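With the sequence up front, the predicted model follows.
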Amino acid sequence: MSDVAIKHDEHRDDLGAKLGMWLFIFTELLLFGGLFLVYAVYRDIYAEDFHLGALQLNVTLGTLNTVVLLISSMTVAMSITAIQRGNKKLSMQLVLLTVLLACVFLVNKYFEWGAKFEHDLYPGSDLVLQFKRGSIIFFGLYFFMTGLHMFHVVIGMVVLMVMWFKLKNTTINKDDNVLLENGGLYWHLVDLIWIFLFPLLYLVT
Amino acid sequence: MSNHKAEHQHITDYWVYGLILVILLALTFITVYMVHLELAAWSVAIALGIASVKATIVLAYFMHLKFDNMLFKILVVAVVMLFVSFILLTFADYLYR
Amino acid sequence: MTTIPYKSYLEPQGKYTGLLDWLTSTDHKRIGLMYMYAIGIFFIIGVLLGLLMRIELFKPGETIMGPQTYNGIFTVHGVIMIFMVVIPGLSAVFGNLFMPIQIGAKDVAFPKLNLLSWYIFMAGAILAVLSQFTGNGPPDTGWTFYAPYSTQTGTNVLMAVTAAFVLGFSSILTGLNFIVTIHRMRAPGMTWFKMPLFPWALYSTAWIQLLATPIVGITLLMLIAERVFKIGFFDPALGGDPILFQHLFWIYSHPAVYVMILPAMGVITEIIPTFCQRRIFGYKAIALSSIAIAGVGYLVWGHHMYTSGMSFTARWIFSFLTFIVAVPSAIKVFNWVATMYKGSIALKTPFLYALAFIFLFMIGGLTGLSLGSLATDVYVHDTAYVVAHFHYIIFGGMGFAFFAALHYWFPKMYGKMYNQKIADIAWLILFFGFNMLYFPQFVLGLQGLPRRYYDYMPQFETGEVLSTIGGFVLFIGIIMMITNLIRAARNGPQAPDNPWGGKTLEWTIPSPPPMENFDTPPVVSKEPYDYE
């Protein structure tokens, strides 16, 4: 197509938009990267204490949440296929399903955190402060990392809801769906981080 | 810069995503199962190795890297390498203290 | 070609009038100017705080303030100057103003995001300023917020740290915007190696902003969590390691030095060929050395920590890498000098600032190498020598490059010309004042004067007095330069579209540029510095 055509088309640049999203994802990865660095250092120093700390975590709930996030990752990926094939209704349903799965994740986390608080296992509690130093750090990291991740889940849900409305009023459609792709990328990022959080926090041997 | 507007899109079939999910779930259960094998020193390496495989699959298929512009692949690799060098240099301190 | 009536970006654009017309504008040039005005104000505040410190150090003992006030003032001076002036300085001001024009684009890739970055910047800046007046007194940790003191002091660290976090977010978004802009919006025909070198420098800078800032972001978040929830990440009593904080902090803050200096080098690279009317020497070497500096710059952070208790292995590795990063910087200096060789040099104000930059940057860079070598650093760590070194780099380097850019692009920004004689005199005063202020600190540092104390032993008095006098000379130079420019912006004579004979794209359009820069999108076929 000629350059003139582009000029009149209020510069739409799908590749540019996607590049912007990827760059943003890089910043998020490095944000968590800093935490993983901290985790690695303390795990190196306090291998034993980390193991004891991890024993307090509920592996079943953790696994369940991993499964939920993986499924939600798939549904959001499918919603892109759906809109690319022009199936608006299916695409909207899949996005909504993703949001519901995110809710399930949060409810799970609520019970998980709730149980910890009931047993006085939270940073700065009298019980935790009596632990060995490595276990104190472990619980600090556990709450900080999962908390920050949860925050991203919530943001992701808001993003997905925006996608849903944009699908509804056909701002996102068969020919112009880079926005949904970018929203999907953000949701996969949330999944990606959990893929590493799960074994590092719950499965420390 | 001329081909700005929509680039040609690669549309992934639903069943591919289904298959990817099955693989990811299988890998998750393997990781959980590994814990009970008491492999001690190796368990961290295995857990992280499996997590990396899972992450690569998510990046390649769910995040479409496999079908996307070469630029994105290069950048992702570069960012991962940068992060690895952060870890290595930090451990140049902690391992030799 | 259709005749569109010419209307500069400075004139009202309809819809709103006055200030609101500017505050809602997504035009990259206007956002650049808004950054400049804000940063100008913060710079003056920072300078005044610096002067207060110089007055305190005029005599041994307590002169005008006690130790706690002094600690607060050097912290505030550092936070303002680093996070609000030099880090955003060149890329947010001149990057926004001229990078899109230089690559032949109408605007940046995400204009709304660009405006949002400005608002986030202002929010962070307001928080930073507020942190000085609220809570239990201004933070007294130094701009580095070292743990564990920063997790324990009763002063207003929390708000200052939040401010730094917010400012970092703004920096990330600017970097993101620039990378996409440079990748996607170059004019037809402008290949990577036909792009001017200022955008090249900004491109490398943007990658640092993008990839290093999140690390300090998470570090500051951890610091906040540590203060609020008593987590113990960096508190030895709870099992934490304070040195880890230093690692994380410098993983960002060393690359941040390159966020300051890389665009400065880019500016100098634009100015030198223009005023020598000569093709830049070693174009590719300069372009790629920017990338190399950005790359290796990530890996040298440990040289801030030689005396922190880091392992010996890590120390020599970091020392070695530090020497490597000096190579691409030196490549640039050689190329600048080689460009001047046999050029027809016009000694105009921007060129004078560029020369001052090279001189000061050389001193700053070479003393940086002496600090980067392990054995020397142990002796001069945390002395005035370090203070002198980084002021030569940051103020002598980035600051003078900023002034150079200001005088170089001023006619394009406002369509007016400043009084060049006064500008030259101001340059001379600035240059002398600067050296008089900071050079004695090298000597004092070698004699053992520690930094960050409100008091000193009597034998250091001569140096300190010289330094304080230099500070005032410098201040006079700054005031003279700024008033000269303000007067010119108000009612200076009309400037021609291309007063210096530059070849890059910004000199092909009217001064001040129209709203979308180009009436017809430019098509590039030549290299950027096509003199001779």
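Thanks, I have the structure now.

The residue of chain B found nearest chain A - how many residues pack around it?
Ranked by CB to the nearest CB, the top residue of chain B for proximity to chain A is B:Ala47, at 4.0 Å. From N, CA and C alone the C-beta is placed, and that goes for glycine too. Other residues lying near B:Ala47 total 24 when counted by other CB atoms under 10 Å in any protein chain shown.

Helix or strand: which one has the nearest residue to it once chain neighbours are set aside?
The shortest distance from B:Ala47 to any non-neighbouring residue, by CB to CB, 6 or more residues apart in numbering or on different chains, is to A:Pro199 (4.0 Å). Taking DSSP states H and E as the criterion, A:Pro199 maps to helix A:178-202.

just checking, what packs against that helix?
If you count contacts as 3 or more CB pairs under 8 Å, 6 or more residues apart in numbering or on different chains; DSSP states H and E, helix A:178-202 packs onto helix A:14-45, helix A:59-84, helix A:88-118, helix A:133-168, helix B:14-35, helix B:41-57.

Those helices: lowest mean pLDDT?
Per-stretch mean pLDDT for those is lowest at helix B:41-57 (a mean of 89).

For it, list every residue counted as buried.
Applying a neighbour-count criterion of 16 or more other CB atoms under 10 Å in any protein chain shown, one finds B:Ser43, B:Val44, B:Ile46, B:Ala47, B:Ile50, B:Ala51, B:Lys54, B:Ala55, B:Ile57 buried in helix B:41-57.

ok, back up a step: mind giving me CSV with the helices and strands packed on helix A:178-202 and columns for distance to C:His303?
Conversion of those to CSV gives the following (distance: least, CB to CB, whole Å):
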stretch, distance to C:His303
helix A:14-45, 19
helix A:59-84, 41
helix A:88-118, 41
helix A:133-168, 28
helix B:14-35, 39
helix B:41-57, 30
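
Can you tell me which residues in chain A are near chain C?
Proximity of chain A to chain C (CB under 8 Å from any CB of the partner chain) is limited to residues A:3, A:7, A:11, A:13, A:15-16, A:19-20, A:23-24, A:26-28, A:30-35, A:37-38, A:41-42, A:45-46, A:123-124, A:129, A:132-134, A:136-137, A:140-141, A:143-144, A:148.

ChimeraX command for the buried members of these?
Burial among these is assessed by 16+ other CB under 10 Å; the matching ChimeraX selection reads:
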select /A:11,13,15,16,19,20,23,24,26,27,28,30,31,32,33,34,35,37,38,41,42,45,46,123,124,133,134,136,137,140,141,143,144,148
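
overlap between the residues of chain A next to chain C and the residues near chain B?
Within those, those near chain B by CB under 8 Å from any CB are A:Asp3, A:His11, A:Asp13, A:Leu15, A:Gly16, A:Leu19, A:Phe26, A:Leu30, A:Gly33, A:Leu37, A:Val41, A:Ile45.

Of the helices and strands packed on helix A:178-202, which is nearest C:Trp250?
Of all these, it is helix A:14-45 that lies closest to C:Trp250, at 12.3 Å by CB to CB.

Could you list every helix and strand that that closest one packs against?
helix A:133-168, helix A:178-202, helix B:70-94, helix C:157-184, helix C:197-229, helix C:242-276.
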